[in-house]
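Engineer: After the sequence you'll find the predicted model.
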Amino acid sequence: MARKAKLYHYRLPLDCAMILRGQSVTVREGWLLELSRETEIMQRGRGEIAPLPGFSTETAAQAKQQLENVIKIWLDDGIVDLDECYPSVAFGFSMALLELEDGSPQTIHRSSHDNDASSALLLAADIGIITAKHKQLLQSRLCKLKIATVATGEGVIYDSTIYESALNDSKVAQYLLQTYPHLHLRLDANRRWSLPVALAFAKQISAEYRQRIDFIEEPCHTPSDCLRFSEQTGIAIAWDESLRDAGIDLISSVSRSANAIVKAVIIKPMLTGTVDYCAKLIAHAHQQGLIAVISSSLESSFGLVQLAHMAHTLTPEIPPGLDTVHVFKQQLLQPWPNCSLPLLPLSELPVTIYE
C-alpha cells in the first residue's frame, strides 16, 4: 500500500494587527497536511495545523518539527499515536486521518437552511463596530462579545483604567441587549479580570437583561473567582482555558460548584488535541448537563469549514463560535459560506512531499 504526505505551508495576512496575549500578530501561519494512500482507489485526507500565538503551548517551529516526525512514522507504519503530541499537531493529523478513513472531506453539508455554517456573530466591545454591524444584528439571535481588552494584572488591587474599560464593556453589553431585544450574548473575558473588576462590570447590567447573557467565558484569573462571580451575580459561566488545564476533571467538578451556574464548556480543537479527545470532552460535558461549544482559534477558511462539520456532527443543536474569517484578507482552499474574500489555492503554496 503506497502512502504519501504533502505539507503545505501558508502565511495568511490579517486584515489588521491583532493583539494576542500581548503579542501583535499580522500574519497567521500554519500548515495544511494532506495524507494519501493508494489501494483499489486513491484515498485522501486533509487537516490544518496552526498553533495560536499566545494561546498554544507549542510554537510554530515546534509544531513543524513534531509534525514531520509524525509524518515519517505514519509513512513507515501506517498508524500513529497522537496522544502525546502537541494539541495542534494532534488535532490536524487526526482530522486528516479521519478524512482518509471516511473517504470524504469534512466539508459543510449543504441543506436548504445552511444550518451547518451558522455561527454566533463575533463582535468587539466597540460602538463603532457594532453600529456597522446593525443589519447583521437585526438578523442574528446570538452574538459573542469580546470584552476585557484591558487586563487586571495579577495582585493589582485597583487600577482606574481597568475599571473604566470594564464599565465601558458593560455599557456596550447593555446597549446590545436594549437595542436588540431578540439577541442573546455570549461574553468572552479570557481570564483577564480580578473578581472586583468582574463584579463591577456585572453591576452595571440591569437584572432584566442578565437572563439574555447565555454565559461569560472565564471572567476572572482563577476558576475559584469565576465561581464566586457567578454565585454573586447569577450570571452563568463557561470554562475555556481552565478546561484545557484540567480536562475532564474540571467538567466532573461541576456538581460541586455550590450556587455557581456553570453552563458550558468551550472546545477549541486546535488548542485541545485529537478529534477523538474533543469528542470525549463533549460527551462528558453532556453527561454533566453542560452545553459544549466548538470554537475557532483563528483557523483559515479551510479549517473553519472542517470545524463547522465537526460542530454539526458533535453539537448539532448548539451554534459554534466560528465567525472569524473576516479577520483575514483572503481565504484558503475552501471558501466559507457567504464570504467574498479572494480564495488562495494550494497550488500557490510552498509544499514539501514525503514518501
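Structural biologist: Perfect, thanks for sending it.
Engineer: residue ranges with poor pLDDT in the stretch 201-350 of the chain?
Structural biologist: For the stretch 201-350 of the chain, the stretches flagged by pLDDT under 70 are 254-258.
Engineer: Break down it into its strands, ranges please.
Structural biologist: Remark: strands assigned in the stretch 201-350 of the chain by DSSP state E, counting those that start in this stretch are 213-217, 237-239, 262-267, 291-294, 331-332, 343-344.
Engineer: packing partners for the last one?
Structural biologist: Packing contacts for strand 343-344, counted by 3 or more Cβ pairs under 8 Å, 6 or more residues apart in numbering; DSSP states H and E, involve strand 331-332. Heads up, the C-betas are built off the backbone N, CA and C, glycines and all.
Engineer: Can you name every helix or strand that the strand it packs on contacts?
Structural biologist: helix 301-314, strand 343-344.
Engineer: Of those, flag the one that's most buried.
Structural biologist: helix 301-314 (a mean of 24; mean count of other Cβ atoms under 10 Å).
Engineer: now for it, which elements pack on it?
Structural biologist: Judged by 3+ Cβ pairs under 8 Å, 6+ apart, helix 301-314 is in contact with strand 42-49, helix 269-272, helix 275-287, strand 291-294, strand 331-332.
Engineer: Dump those into a markdown table; add mean neighbour count and distance to Thr313 as well.
Structural biologist: Converted to a markdown table, these look like this (neighbours: other Cβ atoms under 10 Å; distance: least, Cβ to Cβ, whole Å):
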| stretch | mean neighbour count | distance to Thr313 |
| --- | --- | --- |
| strand 42-49 | 22 | 15 |
| helix 269-272 | 25 | 12 |
| helix 275-287 | 18 | 9 |
| strand 291-294 | 24 | 10 |
| strand 331-332 | 25 | 22 |
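Engineer: could you point out which element follows the top strand by length along the chain?
Structural biologist: Criterion DSSP state E: the longest strand present in the chain is strand 2-20. Scanning forward in sequence from strand 2-20 by DSSP states H and E, the next helix or strand is strand 23-38.
Engineer: Name the strands paired with that following strand and say parallel or antiparallel.
Structural biologist: Here strand 23-38 is paired, per DSSP bridges, with strand 2-20 (antiparallel), strand 42-49 (antiparallel).
Engineer: Quickly list what the spatially closest residue to Gly303 that is not a sequence neighbour is bridged to.
Structural biologist: Nearest residue to Gly303, sequence neighbours excluded (Cβ to Cβ, 6 or more residues apart in numbering): Glu48, at 3.9 Å. Per DSSP bridges, the residues bridged to Glu48 are Leu32.
Engineer: Begin at 9 from now on, thanks
Structural biologist: With the count now opening at 9, the last piece we talked about shows up as Glu56.
Engineer: Can you give me every residue that contacts Glu56?
Structural biologist: By Cβ atoms under 8 Å, 6 or more residues apart in numbering, the contact set of Glu56 is Gly38, Trp39, Leu40, Leu41, Gly100, Met103, Met278, Glu307, Ser308, Phe310, Gly311, Gln314.
Engineer: looking at it, the fifth one is touching Pro59, isn't it?
Structural biologist: Read that as Gly100. No: in this structure, Gly100 is not within contact of Pro59 by Cβ atoms under 8 Å, at 10.0 Å.
Engineer: burial count for Leu22?
Structural biologist: Residues within reach of Leu22, counting by other Cβ atoms under 10 Å, total 14.
Engineer: how much space between it and Ala104?
Structural biologist: According to Cβ to Cβ, to the nearest Å, Leu22 and Ala104 sit 25 Å apart.
Engineer: which helix in this structure runs the most residues?
Structural biologist: The residue-count maximum for a helix in the chain (DSSP state H) belongs to helix 168-187.
Engineer: Go ahead and produce PDB holding the CA coordinates of it.
Structural biologist: Output of helix 168-187 as PDB, limited to C-alpha atoms (Å, rounded to 0.1, in the frame of the first residue of the first chain):
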ATOM      1  CA  SER A 168      -8.800  53.200  37.300                       C
ATOM      2  CA  THR A 169      -8.100  52.400  33.700                       C
ATOM      3  CA  ILE A 170      -9.100  48.800  34.100                       C
ATOM      4  CA  TYR A 171     -12.300  49.700  35.800                       C
ATOM      5  CA  GLU A 172     -13.200  52.300  33.200                       C
ATOM      6  CA  SER A 173     -12.600  49.700  30.500                       C
ATOM      7  CA  ALA A 174     -14.800  47.200  32.200                       C
ATOM      8  CA  LEU A 175     -17.600  49.800  32.700                       C
ATOM      9  CA  ASN A 176     -17.400  50.600  29.000                       C
ATOM     10  CA  ASP A 177     -17.700  46.900  28.200                       C
ATOM     11  CA  SER A 178     -20.800  46.700  30.400                       C
ATOM     12  CA  LYS A 179     -22.300  49.800  28.600                       C
ATOM     13  CA  VAL A 180     -21.800  48.100  25.300                       C
ATOM     14  CA  ALA A 181     -23.400  44.800  26.500                       C
ATOM     15  CA  GLN A 182     -26.300  46.700  28.000                       C
ATOM     16  CA  TYR A 183     -26.700  48.700  24.700                       C
ATOM     17  CA  LEU A 184     -26.800  45.500  22.700                       C
ATOM     18  CA  LEU A 185     -29.400  43.900  25.000                       C
ATOM     19  CA  GLN A 186     -31.600  47.000  25.000                       C
ATOM     20  CA  THR A 187     -31.400  47.700  21.300                       C
END
